[in-house]
Each structure stands twice: as C-alpha cells, then as structure tokens.
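**Student:** here is the input, now give the coordinates:
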Amino acid sequence: MRLGPVREQDVRNLIDERDLRALSATYMRGLDRLDPALLHSVFADDATTHYGAFTGGPGEMAEMAMKTLGAYRTTQHFLGQINIALDEDSATGEVYFQAFHQHATEDFDRFICGRYVDRYARRDGRWLITHRTEVVDWTRTEPTAESYFTARPLTVRGARDESDLSYRPHEA
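**Tutor:** Residues are numbered from 1 along each chain as shown. From the prediction side, this is the model:
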C-alpha cells in the first residue's frame, strides 16, 4: 500500500488528538491517586461538569470526587476507545471507561462502566476540557476478594497519594 504525501494538517491533527487523549489519562490518574490538583488541571477554569446528581465547576468537581472516592480503599480507572472530532481550536469527544472501586469499610467491590461526553477548547496553546458529562452504561457490585494480597505479601501495592511508585518511577 502506497501512502500519499503527509500534509501539515494531518500532523497537527495527530498532535491535537494525542494532547486530547492525554487529558483523559491525566484525569484518570488524578482520580486514582486522589490528587485534586492533577484532576483540576485538565479543565478550563470556566468548565462545567455533569455527573448524575452532581453538576459544578472544576474545583467543585474535584472536591466531590475526592470525597466520593475517599470512601474507597482503592480505585482503578481504565480508558477504552476515545473518539475525537476536531474543529480547529475546539473539539468534542466520547471517552469510554471502566472503573473499579473497593469500598474502604464495607466488603464490596463496585464496577462502573460508561463514557464521558466531552467538549474541549484550545486556550493559550493548550487543550482543556470545557464540559464533561458522565454517561453510565452499566454497574455491578460484588463481595470483595482480598485473599490475593494475604497469599502474596511481597506484592508491590499501589497507594492513593504521592507515596505511590508512579510519583518516583526512577525507583521502580
């Protein structure tokens, strides 16, 4: 298969898509590390969010997420396909996710799967989320299975703060 010439706009679109995908990865990391500053960093200051019963700006959203996710011993958020439509300095996206939550005081695990429907804008040369709506497609709750760590005490465990190894990758 022979490819045609690479156009400058094609390269620009690839860079823009990369930057937009990075917003979602940073967002997920902020959730899992309980890092409100990291979470807030992906949103424009005037952004809006809608998560079911909650609507608010980025600061309020980060506060709500820290409170809600703080009730869990651990969480892990996975990204799936990310569909992006670019239009110069604005874009829209549909971001698939799967989220695992292990409750801190009750013995259950919760799985939530859905999508974020986003609007983005490039401001001062940087892409930011200007609106995010969470769409939940399905959930499941089941009893916790913690025997894995009991049987494997040398397992390197994740942490929900800056003591997590991801903040010090040179020590891995």
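
**Student:** need the contact list for Phe149.
**Tutor:** For Phe149, the contacting residues are Thr155, Arg157, by C-beta atoms under 8 Å, 6 or more residues apart in numbering. Yep, even glycine has a C-beta here, placed from its N, CA and C like the rest.

**Student:** for stretch 164-172, list every residue counted as buried.
**Tutor:** Asp164 (16 or more other C-beta atoms under 10 Å).

**Student:** okay, now the closest residue to Leu39 other than its chain neighbours: neighbour count?
**Tutor:** In this structure, Leu39 finds its nearest non-sequential neighbour in Gly30, 3.2 Å apart by C-beta to C-beta, 6 or more residues apart in numbering. Neighbourhood size, Gly30 [other C-beta atoms under 10 Å]: 22.

**Student:** spit out the contact partners of the closest residue to Arg140 other than its chain neighbours.
**Tutor:** Of all residues beyond its chain neighbours, the one nearest Arg140 is Phe111 (4.6 Å), with distances taken as C-beta to C-beta, 6+ apart. Listed by C-beta under 8 Å, 6+ apart, the contact set of Phe111 reads Gln98, Ala99, Phe100, His101, Thr139, Arg140, Thr141, Glu142.
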